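Student: structure for the following, please:
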Amino acid sequence: MKTNITPIKNEFENEIIDLILSIQQIEFNVPITLQDQPDLLDIDNFYYGSGGGFWGAFIGEELVGTIALVKFDEKGAAIRKMFVKKEYRGKEFSIAQNLLITLIAYCKENKIDDLYLGTVSKLEAALRFYEKNGFVRVEKEALPNAFPLMSPDNVFCHLPLKK
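Tutor: Coordinates of the predicted model:
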């Protein structure tokens, strides 16, 4: 089963919303709604408009994973919407890894030096994944002022891309 990772925009809005909300609400019981995430209804402007992006991982025609990038200042950006369907997680498919590699390559091409993310502490496997990829936890107070905070997030990480 070959995975195809490609930039996606508003035309995939319904598939993106179905994937993300089912993981957030049903699988992890995160109390978040579509109304709390208006970015999902305007991917083109919210992500691409700032110089970021939004990628989807497809197996055949099925959207099985997403990752997004919000550029919040000249050299800084935040990872958002990193989700992979449960049955496609893990090393066998490496979907999360390939999505992250795609996003980091985009950052390097576009001179983004610092990558941040916020998540919730109950997503322990996600935190281990990020830490395995070089992210280090930082206190909320250490985030750049322009970092786009999401209300449920209580754990923050940073990956410096400039060596």
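Student: and the strands in this structure?
Tutor: For the chain, applying DSSP state E gives strands covering 3-7, 53-59, 62-71, 76-84, 114-119, 136-138, 155-160.
Student: and of those, who's closest to Leu100?
Tutor: Closest of these to Leu100 is strand 62-71, at 6.7 Å (criterion: CB to CB). Where C-beta positions appear, they are placed from N, C-alpha and C, glycine not excepted.
Student: look up how far Asp36 lies from Ala146.
Tutor: Distance of Ala146 to Asp36, computed by CB to CB, to the nearest Å: 20 Å.
Student: swap that for Asn145, sorry
Tutor: Distance, Asn145 to Asp36, using CB to CB: 22 Å.
Student: comparing those two, which residue is more hemmed in?
Tutor: Legend: neighbour count by other CB atoms under 10 Å for Asn145 and Asp36, higher for Asp36 (14 against 6).
Student: show me what the least confident helix or strand in the chain by mean pLDDT is packed up against.
Tutor: One helix or strand of the chain scores below all others by mean pLDDT, DSSP states H and E: helix 124-132, with a mean of 93. Contacting helix 124-132 under the criterion 3 or more CB pairs under 8 Å, 6 or more residues apart in numbering; DSSP states H and E are the following elements: strand 114-119, strand 155-160.
Student: make TSV out of those strands and add mean neighbour count and distance to Glu13.
Tutor: Converted to TSV, the helices and strands packed on helix 124-132 look like this (neighbours: other CB atoms under 10 Å; distance: least, CB to CB, whole Å):
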stretch	mean neighbour count	distance to Glu13
strand 114-119	20	22
strand 155-160	18	28
